[in-house]
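A.B. asks: Structure here, sequence nowhere to be found:
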DNA sequence: TAGTGGTCTAGACCACCAT
DNA sequence: TGGTGGTCTAGACCACTAT
């Protein structure tokens, strides 16, 4: 599969990257190990520092190493993945643990979860949101609720939930002071909107500069972009949540039957 | 959300990147437009060529532009997404159209699909595969079937299917000459394995060098990595397929009910 | 303070593309 | 052929980290 033999006329930066990659995959450089400094690599291999730097950049783009300013370049470990699927919304999970699915998943990994609602505003929905909520964006406003999800104080995900104003007006969903414990979906259920079916549209992309800053995303790590729509027992959509997750820490796990 | 105001002490490369990004998002530079050459950008903004180049690299990493050797740097258009979900496996789709779900999706977009099976081999499965197939990797071999998916001759996905030898021995699944038309799942069904439920584990990552080469993936485009397991009516797994898809052309669309 | 990565300069040559 | 991006050199200064 992966061809790792030297090519003729191979460029110095590629050659150096290939050598380092080999040491990483062979285990000579283990996760957490520090690579030689760019200056040392340059001297040892008889290239300019910028060339050694380019080699390191290639590895960073592949997600194999992470550079830390002033400290060095380190081999990235395999990260524990948090897996989220439709069980995220299961009622039994909420009833048995009293925990939101995010908290349950993080605690299961022995880490400390924290969820912070950073803003609740009332806005005119973007067309994509209004379309999924089945409302007229010019006639109805929505409540926009931004949640940040941390594990051991490291940011993992951002979720922005949109819900029609007429559904959440006066409820805890629209007022952080009244949210209480447990899942957002418990609050929806109390308002008569029990989540019964969902749609999840998944894609991946590189993070925007503000996402890099907000989620502290290292180089070479993409994000999963999940647009989730929740439907009640009558098939009516009542909330859309756009999740942005670090792809190196998060995965999705769906199990479903195949319809005829 | 996105902060695009100049910062004090902003670095020249970031400043130039921000200006170009602004022109792109404002529409002054439309999809398909060519950016000024690196040398022109450098001269116009009074920076070294390497600095202009760094600015372009930042935009490429965000997926906003693509550099084409010898031609120039171009603004990337929004790509049509092909959406795949559990309907991919629905029997009615196979029966009504006689097409594989991939072909159906691509034709629906007015493009020309092609699927090529590049290799069929019999191997000892990797532990992750054996685990999902519920077999002992030391006691049983699997058939490995590699399929490449194209749209207008542009590679979109690779899918590698693993199935226990005892299930596919002597069947068209293990012999490309006998495959015939239609979906692989039609062939499985003929062998008594009707796909009834599925599990899909989704994550995203940057492509490996060989994936970059094989799928012709531009800079700054991640891949979706989907491990799919197919189960028959008795809940027994009979095939695992690992899909690698360009994230800028592919999306996943799942609809499912939430269990109690 | 010494060592690290981050950025920048001002050149050079090469590989690719269109004309 | 001229213009483009791709790479490389050999320096320089800055920002961050650890001691």
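C.D. replies: Great, that's in hand. Treat the numbers as computed from the prediction; the structure is a model and nothing was measured. Numbering: from 1, shown residues only, chains lettered A, B, ... in the order given.

A.B. asks: residue ranges of the helices in chain A, please?
C.D. replies: A:12-26, A:38-45, A:49-61, A:91-97, A:101-108, A:127-133, A:165-168, A:184-190, A:209-215 (DSSP state H).

A.B. asks: Residue A:107 against residue A:114, yeah?
C.D. replies: No: look at residue A:107 against residue A:114 with CB atoms under 8 Å: they stay out of range, at 11.3 Å. Heads up, the C-betas are built off the backbone N, CA and C, glycines and all.

A.B. asks: which residue packs closest to residue A:33, ignoring adjacent ones?
C.D. replies: Nearest non-adjacent residue to residue A:33, counting by CB to CB, 6 or more residues apart in numbering or on different chains: residue A:75, 4.9 Å away.

A.B. asks: is the one you found in a bridge, and if so with what?
C.D. replies: Legend: beta-bridge partners of residue A:75 under DSSP bridges are residue A:65.

A.B. asks: how many other residues sit next to it?
C.D. replies: The burial count assigned to residue A:75 is 20, neighbours taken as other CB atoms under 10 Å in any protein chain shown.

A.B. asks: For the residue nearest to residue A:195 when sequence neighbours are not counted, give its distance to DNA strand C.
C.D. replies: Sequence neighbours aside, residue A:230 is the residue nearest to residue A:195 in space, at 4.7 Å (criterion: CB to CB, 6+ apart). Using CB to the nearest atom of the strand, to the nearest Å, residue A:230 is found at 40 Å from DNA strand C.

A.B. asks: got a pLDDT number for the residue nearest to residue A:33?
C.D. replies: Taken from the predicted model, the pLDDT recorded for residue A:75 is 91.

A.B. asks: Pull the contacting residues for it.
C.D. replies: The neighbourhood of residue A:75, defined by CB atoms under 8 Å, 6 or more residues apart in numbering or on different chains, consists of A:24, A:29, A:30, A:31, A:32, A:33, A:35, A:64, A:65.

A.B. asks: and what of residue A:190?
C.D. replies: Counting by CB under 8 Å, 6+ apart, the residues that residue A:190 touches are residue A:171.

A.B. asks: Please report how far it lies from residue A:183.
C.D. replies: From residue A:190 over to residue A:183 the distance is 11 Å, taken as CB to CB, to the nearest Å.

A.B. asks: what do you get for residue A:201?
C.D. replies: Note on residue A:201: its distance to residue A:183, by CB to CB, is 21 Å.

A.B. asks: So which of the two has more stuff around it?
C.D. replies: When neighbours are counted by other CB under 10 Å, residue A:183 comes out ahead of the other of residue A:201 and residue A:183, with 23 against 20.

A.B. asks: how much space is there between the more buried one and residue A:251?
C.D. replies: When CB to CB is applied, the distance between residue A:183 and residue A:251 equals 20 Å.

A.B. asks: and what of residue A:239?
C.D. replies: Between residue A:239 and residue A:251 the computed distance is 23 Å (CB to CB).

A.B. asks: next one: residue A:168
C.D. replies: Between residue A:168 and residue A:251 the distance, using CB to CB, works out to 30 Å.

A.B. asks: neighbour count winner among the two?
C.D. replies: With neighbours defined as other CB under 10 Å, residue A:168 and residue A:251 compare such that residue A:168 has more, 25 against 19.

A.B. asks: Check whether the more buried one really touches residue A:174, as I assumed.
C.D. replies: Yes: assessed by CB under 8 Å, residue A:168 is found in contact with residue A:174 at 4.4 Å.

A.B. asks: Return every residue with contacts to both of the two.
C.D. replies: Both residue A:168 and residue A:174 are in contact with residue A:143, where contact means CB under 8 Å, 6+ apart.

A.B. asks: that older thread, where's the residue nearest to residue A:33 relative to residue A:12, distance?
C.D. replies: 21 Å.

A.B. asks: Likewise for residue A:136?
C.D. replies: 60 Å.

A.B. asks: just residue A:195 next, same as before
C.D. replies: From residue A:195 across to residue A:12, the span is 56 Å (CB to CB).

A.B. asks: Tell me which of the two has more neighbours.
C.D. replies: In terms of neighbours (other CB under 10 Å), residue A:195 is the more surrounded of residue A:195 and residue A:12; the figures are 24 against 16.

A.B. asks: Tell me who's in contact with residue A:129.
C.D. replies: Going by CB under 8 Å, 6+ apart, residue A:129 touches A:137, A:142, A:162, A:240.

A.B. asks: these two touch, right, the third one and residue A:237?
C.D. replies: Read it as residue A:162. No: taking CB under 8 Å as the definition, residue A:162 is not a contact partner of residue A:237, at 10.2 Å.

A.B. asks: Give me the common contacts of the two.
C.D. replies: Taking CB under 8 Å, 6+ apart as the contact rule, the neighbours common to residue A:162 and residue A:237 are residue A:133.

A.B. asks: which of those two has more neighbours?
C.D. replies: residue A:162 (23 against 20).

A.B. asks: tell me the pLDDT at that one?
C.D. replies: Value listed for residue A:162 in the pLDDT field: 96.

A.B. asks: what pairs with it across the strands?
C.D. replies: Using DSSP bridges, the beta-bridge partners of residue A:162 come out as residue A:144, residue A:240.

A.B. asks: residues in contact with it?
C.D. replies: Residues in contact with residue A:162 (CB under 8 Å, 6+ apart) are A:125, A:129, A:133, A:142, A:143, A:144, A:145, A:239, A:240, A:241, A:242.

A.B. asks: Please report how far it lies from residue B:40.
C.D. replies: 43 Å.

A.B. asks: residue contacts, residue A:65?
C.D. replies: If you count contacts by CB under 8 Å, 6+ apart, then residue A:65 has A:20, A:24, A:35, A:56, A:59, A:73, A:74, A:75, A:76 around it.

A.B. asks: Pick out the residue of the stretch 51-200 of chain A closest to DNA strand D.
C.D. replies: residue A:70 (2.5 Å; CB to the nearest atom of the strand).

A.B. asks: Which residues are in contact with that residue?
C.D. replies: Counting by CB under 8 Å, 6+ apart, residue A:70 makes contact with nothing.

A.B. asks: Can you check the pLDDT for it?
C.D. replies: Confidence score, pLDDT, at residue A:70: 91.

A.B. asks: same check, this time on residue A:184
C.D. replies: According to the model, residue A:184 carries a pLDDT of 78.

A.B. asks: again with residue A:148
C.D. replies: According to the model's per-residue confidence, residue A:148 sits at a pLDDT of 91.

A.B. asks: go on, residue A:179?
C.D. replies: 60.

A.B. asks: picking up where we left off before, can you say which of the contacts of residue A:75 are buried?
C.D. replies: With burial judged by 16 or more other CB atoms under 10 Å in any protein chain shown, the buried subset of the contacts of residue A:75 is A:24, A:29, A:33, A:35, A:64, A:65.

A.B. asks: ok, so of the residues you listed, who is nearest chain B?
C.D. replies: If you rank those by distance to chain B using CB to the nearest CB, residue A:64 comes first, at 9.5 Å.

A.B. asks: what sits against that closest one?
C.D. replies: Residue A:64 sits in contact with A:21, A:24, A:75, A:76, A:220, where contact means CB under 8 Å, 6+ apart.

A.B. asks: And those, which is closest to residue B:156?
C.D. replies: Of all the contacts of residue A:64, the one sitting nearest residue B:156 is residue A:220; the distance, using CB to CB, is 22.6 Å.

A.B. asks: how about the residues of chain A that lie near DNA strand D?
C.D. replies: Within reach of DNA strand D by CB under 7 Å from any atom of the strand, chain A has these residues: A:11-14, A:46-51, A:54, A:68-71.
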